[in-house]
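A.B. asks: fold the following for me, if possible:
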Amino acid sequence: MSVEQAANPTVDPQPRVTLRTISIILIVIGILITGYLSVAELTNTTTACIESGAFNCDVVQNSAYSKMMGIPIAVLGFGTYLILGALVTLENRVGLLKDYGVVLVFAITLFGFLYSAWLTYIEFFQLKALCPWCLASATVMTLLFVVSGLRLRQTLMG
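C.D. replies: Reported below is the predicted structural model:
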C-alpha cells in the first residue's frame, strides 16, 4: 500500500476505465478505419480486402450507395468520428458541451448507428457483397451508440 493510499483510504489503487474513455478509444478506432477508407477513396486506390465468398470491397465501395450527394460515405464517416472526438474531448471544457455534450454525442451516434445499419442491410440484400472495413466501422458505431446511450443514462440518473 502506498503512502498516499494509507493517508487517503478513498484513493482507488487501480485507475478505472470510464465510459468516456471507452468512447474515446472507439472514436480513435473509427477515425483509423474511415481515415484509411477515405484516403483510398480520395486517391483512387484499392483497399486491402478479402476477396472471397461474400466479401468484395470493390462492389461495395463502387456502388451507387458509396456516396451521398457526391461525397464518399467514408469521408462522411471520417468527419463524423472527428466531430464526435471533438465533442467528447471538449465536453468538460466548454460550457455548452458541459450541459449538452452527452446528448449531442448520443444523437449523432444514434444517426450513425441507423445509417450504418441501413448500409449494412444494403450490403447484404441489395449488393450481396460485404466490405470488412465497412462492417468494422458499422460495428464501432454500434458500440459507440451503446456506450453513448449508457453515458446518457448515467447523466440523466445523476
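A.B. asks: element containing the most centrally placed residue in the chain?
C.D. replies: Nearest residue to the geometric centre of the chain (C-alpha atoms, centre = their mean): residue 141, 3.9 Å. Per DSSP states H and E, residue 141 falls inside helix 132-157.
A.B. asks: how near is the residue nearest to the centre of the chain to residue 153?
C.D. replies: Note on residue 141: its distance to residue 153, by C-beta to C-beta, to the nearest Å, is 19 Å. In short, each C-beta sits where N, CA and C put it, glycine included.
A.B. asks: ok, now residue 74?
C.D. replies: Residue 74 is 31 Å from residue 153, where distance means C-beta to C-beta.
A.B. asks: between these two, which one's more packed in?
C.D. replies: Ranked by neighbour count (other C-beta atoms under 10 Å), residue 74 and residue 153 place residue 74 first, with 25 against 12.
A.B. asks: hey, which helix or strand in this structure has the poorest pLDDT?
C.D. replies: The least trusted helix or strand in the chain, going by mean pLDDT, DSSP states H and E, turns out to be helix 3-7, with a mean of 53.
A.B. asks: so which residues of this protein form helices?
C.D. replies: Ranges of helices within the chain are 3-7, 19-42, 57-61, 73-90, 95-121, 132-157, based on DSSP state H.
A.B. asks: count of neighbours near residue 14?
C.D. replies: Neighbour count of residue 14, defined by other C-beta under 10 Å: 5.
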